[in-house]
Structures are given as C-alpha cells and as structure tokens.
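**Q** Predicted model and sequence below, questions to follow.
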Amino acid sequence: MDCIFCKIIAGEIPSLKIYEDEKVLSFLDIGPVADGHLLIVPKKHYERLDQMSSEDITAVAGVLPRLADALVRATGAEGYNLLQNTGSCAGQVVPHVHFHLIPRVSGDGLGYRWPAKKYPEGKDKEMQQKILSELK
Ligand code: 5GP
Ligand code: ZN
C-alpha cells in the first residue's frame, strides 16, 4: 500500500520514534508546529477515525497520558493540543489516521480558533435526534 505512515511503521522510511508497542507507534512530526510535536498512529492502516476498531483506539488512547506527560516534562509546556483531522475538509493530508500531540505555552502564537455560535430555537434537539437515530 502506498501509505507514508504504513512505510514508517514497516521501517521502510525512517522516523524519530518515541513509543512503540504491538498496536501503536509514536514519532516526531517532520513538520512540527512546536518543538516536540508528536504523531501517534495505529499500526493497522485506517484512513478515518470512524473506521477504527475499539481495540485499536483503546490502544492509542491508553498511551496518550504517558506521552503527554513525557512531552510536558521534556519541553516545559504548560499544556498541549490533541488534534485529529479526518477528511481533507478538516485538514487531513496523510490518509492514515493519526493524532497530533502539540505542546503549548502561553504566547506561543499558535492560537486557538473556536468560533462558537448559538443554536437557533429547536435546532439542538433536532440534531440530538438525528445523531441518536444514526448511533448503532
Ligand atoms: P494531517 O494534516 O494529515 O493531520 O497531518 C499530517 C502530518 O504528517 C503533518 O503534520 C506532516 O508534517 C506529517 N508528516 C507527513 N509526512 C511525514 C513523514 O514522512 N514523516 C513524519 N515524521 N511526519 C510526516
Ligand atoms: Zn497506512
């Protein structure tokens, strides 16, 4: 398969590894938005988060606290963003599901865009029903 992260997982392309187990690999992002910016990926190829098995997402989630703790202590970060982009509309470039762990400090200039709005009357309940009817 022509997937850059599968090639990294297979060792065909080098990466600066931080963590590895049977199901998960973490390595430094080659184009960091902050020093120490990590990627965490399932070893099994999935393009999208919604395709992942509960076992694989559990394995990824299980390692996040340790990685975040190491990242905070290594970089002196005050916090971090955990980011998962699914779909090109959401900024996904590499079609192998991955989580960004980005160390943050106040004033780092990375910003945080959160254009919150208010639901018009009734729209919130309509959305609740729509999502519930699709939840399997
Ligand atoms: P996306 O935009 O898909 O959420 O993020 C893809 C990320 O993968 C980018 O931040 C990019 O810098 C990183 N990336 C792309 N190719 C490589 C690579 O060959 N090695 C590493 N370590 N990171 C990569
Ligand atoms: Zn892949």
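**A** Great, that's in hand. Ligands and ions are numbered 1, 2, ... in the order given.

**Q** Can you list the neighbours in contact with the lengthiest helix in the chain?
**A** Longest helix of the chain, by residue count under DSSP state H: helix 54-75. Residues outside helix 54-75 that contact it (C-beta atoms under 8 Å, 6 or more residues apart in numbering): 18-19, 21-24, 26, 34-36, 38, 40-42, 44, 46, 49, 77, 79-80, 82, 99, 101, 103. (Glycine included, C-beta is placed from N, CA and C.)

**Q** one more time with 7 Å
**A** Residues from elsewhere that reach helix 54-75 (C-beta atoms under 7 Å, 6 or more residues apart in numbering): 18-19, 23-24, 26, 35-36, 38, 40, 42, 44, 77, 80, 82, 99, 101, 103.

**Q** Would you mind listing where the protein has pLDDT under the threshold?
**A** Scanning the chain with the threshold set as pLDDT under 70 gives no residue ranges.

**Q** What residues are bridge-paired with the spatially most central residue of the chain?
**A** Centroid check for the chain by C-alpha atoms, centre = their mean gives residue 99 as the closest residue, at 1.6 Å. When bridges are called by DSSP bridges, residue 99 pairs up with residue 40.

**Q** you'd agree it is up against residue 82?
**A** Yes: using C-beta atoms under 7 Å, residue 99 makes contact with residue 82 at a distance of 6.1 Å.

**Q** Cheers, nothing more for now.
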